[in-house]
Each structure stands twice: as structure tokens, then as C-alpha cells.
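S.K.: please find the sequence and the predicted model below.
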Amino acid sequence: MTIARFDRPATPDASGIRGFRRGFQFLRQPSWRGLLLVTPALLTMAVFVIVPAVVSVGGTFFAADGALSLANYRDFFGNPQSVGNLTFTVEVTLTTLIWLLVVGLAIALYLRFSRSRLVAAIQVLALFPLFVPGIIASFALIRFLGPTGWLPTALKAVGIDAYQTPYLHAGGAIIGLIWQELPMTVLLLTAGLAQVNNRAIEAARDVGAGFATTLIHIVLPQVFRSIVVAACLGALDIFGSFTVPYILGPAAPQMMAIYMQRTFNELHRPGAAETQAAVTFMVCIVIGALYTAFVFRDSANNTEPAK
Amino acid sequence: MATLSLQSVTRKFGAVAAVHDLTLDVADGEFVCLLGPSGCGKSTALRLVGGFEEPDGGDILIDGASTVSVPPNRRATGMVFQSHALWSHMTVFGNIAFGLKLRKLPAHTIRRKVADVLTLLSLEGLERRYPRQLSGGQQQRVALARSLVLEPKILLLDEPFSALDAHLRVRLREELKAIQRRLRQTTVFVTHDQEEALTLADRIAVMNQGAIEQIGTPGAVYERPETLFVAGFIGTMNVMPASIDGEGLNAGPFHLALGERRPDLPAAGRLDLGARPEDIEIVAPDEADAPGLVEQVIDLGPVRQVLVACDGGRRLKAQVGRQAPVTLGQGVGLRLQRGLIYSDGARPVEIEPHEMASVLPFRRFAGRRRVDEARH
Amino acid sequence: MSGPVATLRKNGDVLTGSLLLGALVLFIAMPLVGVLIWAFAEQWRSPALLPTAWGLKFWHLLLGRADVQSSFPLSLILASIVTALAAVLCLPAAYAFARTDFPGRRAMLLSAITVHAFPRFPLYVSIAVIFLSLGLIGTATAVVIVQLVFSMLYLIWIPTAAFRGVDRRLEEAARDVGASHLTVLLRITLPQVAPALGAALLLTFVNAFYEVEGALLVGIPDIRTLPIVMLSLITGQVIVQYGAVLSVMLWVPSVMLLIFARRMFDSRTFAAGLSV
């Protein structure tokens, strides 16, 4: 007995008259009822997110006198502090990404190919930051990496005095962001690696490839897609992040989100803050476009022809 | 090109022995099939030869050299997997050339070798295609090409055709055999399909539960299965409990006097009689060893198989020619021309109740396999 | 495994794993352990590797602070309001997405997902600027709205999956014996989705409770949630223990709730909810 699926366009169940009637009942069900149930939620999102975003970004293209102009953007890009912050955000994002991918890939590869019992422990630890809110994580890292933190204390105890704390430097933000993004990166890469065929790897060893060759020529090309996805999603997250860089990063230059917050809350300059937000949006749209283009081209390449 | 020798090889997974005390010698240029049901250890045995598993006991020698500490990438074996396992991000050319590139051969040599193997496997013109753009048959050919281009000492194939449809399977089988003969490539082929094994192999090793039950040429294994397992696995066999008393042989509906041709059998213990359908003749009821009623007639193409219901509720399969006048419900007689008596722990004893001489000559009946006698 | 090659591979395996594990323990576990220790340390000065005096002194001190005492209930109330509003708005929507078809359904679902693809902070800023012109900055309303809109996706996605997973035959059997739509909803459907819904609501509550970015942007100076208080204690305060105690206080319950939530639904439910 098949139950008619209401979440698909009606295809009357083929099992006789009962199925037909059921399909017919679906067709008779007014779809406005569904629309009604959905409207409040979507309206809320539209009014409080989409409209403000559109209005805000749109507003940056108008000057104070209401005329269409790029004055706001000229101000932004003409201001060395703004440009400096933007550049800084890009640098931090790229550095964090590289570290994330290297470490994340190492962990994901190990989780995929290891047969030891350490796999469970490594998996738990690598995914643990998912359960730790940003503030707590940042605080924990201050207490660990800061000038009076546990790490320098331990290093001094074994005679190493040359520790330079990354706290309140770019390094602090980077380390904190790696901490935060590692789980998602590992998850995405692990999912991609799961699709790599064991037999394909054995075939590579069969024709004579050693460990490194197999890794570089067989495994990595097949996870390339996941690497790009992890990089894009990670970049989107990192570029707009606030809490971690706020607590761990330098006062100047700042990442864009902190810059926005200070501009709005402390300098009371909403217009400038809007422009900064719009610039951030645009960078993220570029990243998103790259991601979409890649996924699209990749899917097209991978479609199997009809046999 | 090389000999292969497995000596008392054992491989355990936990407490279960997937392969137990396996001994097998493959001669240079020989095509050996490992045949058996799922779980019999044939794939494990193949992977042991390829180096993807390591034996817990025993040794594997290729050309007399032990392979115990040789990892798969340094063994001179080439494996073709069931699921082609082609590298999807490389073209056909890339897949085949990869191993050659690893061996640092010059580019023109690589191109030439790849071209040669593509011609050998009828894959010309497909160099630039990606695996996903190939049909199933082409994919398996590329997988084969990838292994053959490296001129391995031992070629290993793990049920390479089982995912393809029947026609393609038969065609690829023939191509593989032709290529193997031409190259004189020592080959070990794993399959659960007895027809495949009987067609391809110079010798078949029938495996069950981690051990080899019988090794022999297809003809020998078919004509004289050494155990009931092999008898039931290869071809069709009627099996019925048997006993020998003062008067002769009692097996199923048959009660046959054997006279001085009474076979040498242990006095106690279980006996079974196995008789192939082509060894049970359908005759007129008055010439028969046992009467029966035709229940079903199955047309197999070249021959017809007749299911006959006999005394005691037993059903036997007999074989008749395509034109034989047998109809449903017909009362017929069965004549046992040849059977094998199986007993515990001893080799099967062949009987031919209607033969006059005690030496049993080789007989040919309609539908029986031709056997290459030179290979005996 | 056996044999020389396998043994070598196994040793290499364990060695690499140990290195990775060690690095992860150092990088991830130790900082958190440090916080835990700090929460119960009454005196810990460099170069001591462990506290010299232990106790709960700073717990008392922290809980006695006016800002903590006012922000804790505030956070609870705000998070509850957010969760309640989100439930009222999203659960019917999830029901509709799961079971009915209507024009634009796919587009709407996709747009809900897309909103979350954008970086959150700039969106907060856009919203904040509008609120400024509406005079809403510094009000509880603003904080609730900001936290509400970003909770909504989870509270649509997970319940949609849950409603999809309901066994229709049970409902039909109930209708068959004469139950009304409402009865079926209350007595048959809801009990089946209750665990997943409960988990989603818990998640929403926890996320709203911890939310700091939006609250900071639109809530200060008048509305200071507990995370905002913690933020100021971390960045401004010299007394380390305050941050540590707050961390432990805030974190332990959240881990327990999240583990409960994870057990309530598996990856299958996730995937079901995602399929448009």
C-alpha cells in the first residue's frame, strides 16, 4: 500500500481505486492553506532581514542629498584605515584558510585511512569545537596562549623563554578562527574522502604507486571538489566573523565585522557602517559566485552520459 | 611469464579462517580459475597473491621468490577488480599510462605501449575519454589494459565481468582467453560462475570454506567431481542416498545388480550416488531400471532437461535430445548409465551398471562437454 | 594484521595518529581544561603550573555582581521569548513545507536557506541601521527580533524533516475511526515529532542564550545579556576567574543539552529536511 506523498506534485498512486481517490483528495486540498501557514515565518524573515539588507545596501549608492552616487564608496576606499581593515580581513581569511585546509586535510585523511583505535579520539576532539560557544572558546585561548597563559608558563618551566603571545595580534585571531572552523572543515573533507573508492587506491598501489604518489595523484584530485567547498564555506564564515577576532585579535587593523561594530556603536556613524557592510557583502558574493560557478561546472563534468 | 606457488597459505580474520592451508601451483602461462560460492575465500586468496592482504601462515612464491615482505606496489602482479576501479579524474590514456609513468619510461615509449594495448583490447580512439563516458564493457577493457600494459608476471582478475550483462560477459570472456593465450600470460581468475570457469580455465580450483576441494581440468572436474560439494557446484547433479547390499546397488529409485563389478567401498558410513542428467537415459518402461512420470520438460536450447517423478517421491533430472518425443505426464523409464558413489573420506567410485567390461571407457553423450584429452 | 609490511604500516599508523592526537589535545582540549581549572582556582600565579589555592570564592563573588545578577534572568527571559515566537512562526510553516504543496514552495525554502548563506554580521549591521532610524536601538524588542530571525532556519528545517518522517498510516487509521483533523494532529502527529521538535526548540533556546553579536550591536547600552557581560569581563577585567566561572556556568548545561539534541535526531532526519 503506497501512501500518497503530499510533498510532491500529485502522482496518483497506481494501486487501484483507493490510490486514485487519495491522489484526487490531494488535488482537492487547497494549497492556500499551506501558503497561509508559511506566510508569517517568511514575512518575518522578509521584513526583518531581506528588506533591511536590500534597503541598507541600496542606500549606500545614494549620497546624503538623495542623488545616485558612489560617494560612500569613494570615502571608504579613500580612507586608509578602511582599506587597511579590508586588506587585513582578506589576509587573515586567506591565512586561516590555508592552515585550516592543511590541518583539516591531515585529520580527514587520517580518519579515512587509519585502522587504529586512535580514530575515535581524534574524531571527537576535532569536532569538539562545535559544542563550544565562541566567547568561551576565545576566553579559553586567552588563558592558554596569552602572555600569562598556561602555555608560556609550561614553556618557561622547561626553560623556553622566547614565547611571543599571538594574543591581540593577527595570530590570535587566526588561531581562534582555526579553532572555530576546524570541525566544519573536517566534516566537509571527510565527506568528500568517503567518496574515494578503496579499489581505486588499491589499483594505484597495484600499478606501483607508493604512499605519497597515491595521495597526490589519486586521492587529492578526487577530493578536490570537497576542498573547494570547504574553502569557500570557510572563507564566507571567516570573512564576516566577529566574536573571535574581537576578543583575540588586534585593535588595529581590525577585521571588517569589528570595524562595523565600532563604527556603529562607538563612532555613531551608521552610514559608514552600512557601506562597510555592503563592501563585506560584495566580497562574500564574489566568493559565493566562485563557489556556485565551480559547483555548476563540476556537476556538468560529472554527469554520466546515458548508456 | 612466471610461475605462482601458494604454499599452505592461511589468512584469518579474527577467529575465522578465510583461507586455510591453501596450496596451489600455477604453471607458466597457465590460466587457473578459483571457483566457489561467496565466502569461500577465493577473493581473499587472490588478494593475498596481489599483496593486498598478508598471510598469517604459509608463503606465496612468484617465480620461486617469496613475496612475504613485498608490498603490492612492488609486486609484479596486476589486478583487475570487479568494479573497474578506474581513476575518474584521468582519461583512458592517463589511466593506462599512469603505471608506465611511475616507471619513468620515456614519453614516446609510453605512447607506443598504450597504443598497442588499446589496439589489443579494441579500444582505439578512446584515449581522450573519461571513465564516466565509457560503457561498462569498455571500462572493464580499460581496467584490463591498465594491468596488461605493465606486463605483469601474474595477472589477477576478481570477478571482472560479473557486473556486465550476459552477452557482453560471453564476448569479453572470449577476448580475454584469446589475449591470454597470445601473451602466454599466467593468470588467476576468480569467479562464482561455473560456466565462466569451465570456458576459460586450463585448470579449475573449486573452493569451499577457505580450502580447495578439487583442482583439475574443466573436463576432469566435470566428469569426476571428487566431493559432493564439487558435484553439486559444477553442472547439475542428481544426488540420492545409496546403499549396497547383497543384491546390488540401491540408490533412489534404482535397484541394480552389480555382480562381480561390485565396487570397493567401505562397509559402514553414508553413501550417496551422484548421476548427471546426461547419464540418465529415458527409455521405454520395459527397458528401464526404474519407472517414472514426466513432470516437467525444460527446453535448454541444444538439449532438453526432463524432470521425472519416481517411486518414493524422488524427482530426477534426465537429459534428452532436442527432438526426443517426451511429453508431460508421459510414463517413462529411467536407465542409469553412469554414476559416482560418494562415501565419507574416500574418493568417489565410478559405476556403469550397463557396461560389460570392468574398465570403464570414456563415453560421450549428447550435451556433455568436450574435454581436451591432451590436458589430462 | 600480520606480516612485516602490515606491521610497519600499523606502526606508522599509530605514530601519525599519536602525533595528531597530541596536537589536538594541546590545541583543543588543554585550553578548555585550563578554563575548568581556573573556575575553581582561588590563587594561580605564574610560574605555577597549577593553582596554589582552590575554592569556590569567585563563584560567590561573580554571582554577587549586580551586572551578572541582572543579566542572567534577562538572558533567560529573552531566550525564552525568542524560542516561543520562533516556535509560533516556524512550526506551522514546517508543517506546511512538509506536507502540502503550494506555489512558490521550493522558492521559499531555498530563500530561507539562502538568507543563512550570507555573512551574518553585515546583515546585523543592516538591520541595526534600520532599527536606529526606528529608535529601537537599546531595546529588548530589537534584541529579540535580531535573535529571532536567525533562529528560524533551524526551527523550520528540523521540524520539516520530523513532520516528513511521520507515519501517515497511523494518521489515516485515526481518521478512519472518526477522529477530526485537530485530534489527529494533537494525538497522533505531535507525539511522533515531539522528540525532534523538543530538540530543535532546545537548540533554538541555547543558540539565543549564547548569541552575542546581534545583542551587542542592537542591545547596548541598555540591554546587556549575559554573554555581553561576559564579553566585557573577558576583555576588560583583570580577574581571570570571573571569565572562567562564567564559562563553566554557561557551557556545561549547553553541552548536556546539545548531546541530548544530537541523540534525538540522526543524519537521516537532517537529509530529509534538506530535500527540496
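M.R.: Looks like it came in fine. All values reported here derive from a predicted model rather than from experimental measurement.

S.K.: may I see the buried residues of stretch B:203-215?
M.R.: Neighbour counts over stretch B:203-215 (16 or more other CB atoms under 10 Å in any protein chain shown) mark B:203-215 as buried. Placement of C-beta: from N, CA and C, glycine included.

S.K.: any idea which residue sits dead centre in chain C?
M.R.: Geometric centre of chain C, nearest residue: residue C:207, 3.0 Å, by CA atoms, centre = their mean.

S.K.: in a helix, that residue, correct?
M.R.: Yes. Assignment of residue C:207 by DSSP: H, G, I helix; E, B strand; the rest coil places it within a helix.

S.K.: any regions of the chain where pLDDT drops low?
M.R.: No chain was given, so I picked chain A. For chain A, the stretches with pLDDT under 70 are A:1-30, A:301-307.

S.K.: sorry, I should have been clearer: chain C.
M.R.: Those would be C:1-2, C:237, C:253, C:258, C:261-276, if you go by pLDDT under 70 across chain C.

S.K.: try 80
M.R.: For chain C, the stretches with pLDDT under 80 are C:1-6, C:8, C:46-48, C:101-117, C:236-238, C:252-276.

S.K.: the residue of it found nearest chain B: how many residues sit nearby?
M.R.: For chain C and chain B, the shortest gap (CB to the nearest CB) falls at residue C:3, measuring 3.2 Å. Neighbourhood size, residue C:3 [other CB atoms under 10 Å in any protein chain shown]: 17.

S.K.: need the nearest residue in space to the residue nearest to the centre of chain C, chain neighbours excluded.
M.R.: Distances taken as CB to CB, 6 or more residues apart in numbering or on different chains place residue C:151 nearest to residue C:207, at 6.1 Å, with adjacent residues excluded.

S.K.: where does the one you found fall, phi/psi-wise?
M.R.: phi -90, psi -20 (degrees, to the nearest 10).

S.K.: element containing the nearest residue to residue C:105 once chain neighbours are set aside?
M.R.: Take residue C:105 and drop its neighbours on the chain: the residue closest to it by CB to CB, 6+ apart is residue C:97, 6.8 Å away. Using DSSP states H and E, residue C:97 sits within helix C:66-99.

S.K.: if we can go back for a sec, filtering the buried residues of stretch B:203-215 by proximity to chain A, which remain?
M.R.: With CB under 8 Å from any CB of the partner chain as the criterion, those include none near chain A.

S.K.: now, which of those sits nearest chain C?
M.R.: Nearest to chain C among these is residue B:210, at 16.1 Å by CB to the nearest CB.

S.K.: does the closest one really touch residue B:22, like I thought?
M.R.: Yes. The pair residue B:210 / residue B:22 is scored as a contact, 7.4 Å apart, by CB atoms under 8 Å.

S.K.: what do the two both touch?
M.R.: Residues within reach of residue B:210 and of residue B:22 at once, by CB atoms under 8 Å, 6 or more residues apart in numbering or on different chains, are residue B:41.

S.K.: what does the stretch 51-200 of chain B have sitting close to chain C?
M.R.: So far as CB under 8 Å from any CB goes, the stretch 51-200 of chain B lies against chain C at B:51, B:54-56, B:68-71.

S.K.: just the buried residues from these, in PyMOL please.
M.R.: In PyMOL, a selection of the buried entries from these looks like this (16+ other CB under 10 Å):
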select buried, chain B and resi 51+54+55+56+70+71
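
S.K.: okay, the residues of the stretch 51-200 of chain B next to chain C in JSON lines with secondary structure and pLDDT next?
M.R.: Formatted as JSON lines, these follow (DSSP: H, G, I helix; E, B strand; the rest coil; pLDDT from 0 to 100):
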{"residue": "B:51", "secondary structure": "coil", "pLDDT": "91"}
{"residue": "B:54", "secondary structure": "coil", "pLDDT": "89"}
{"residue": "B:55", "secondary structure": "coil", "pLDDT": "91"}
{"residue": "B:56", "secondary structure": "coil", "pLDDT": "91"}
{"residue": "B:68", "secondary structure": "coil", "pLDDT": "84"}
{"residue": "B:69", "secondary structure": "coil", "pLDDT": "83"}
{"residue": "B:70", "secondary structure": "coil", "pLDDT": "88"}
{"residue": "B:71", "secondary structure": "coil", "pLDDT": "88"}
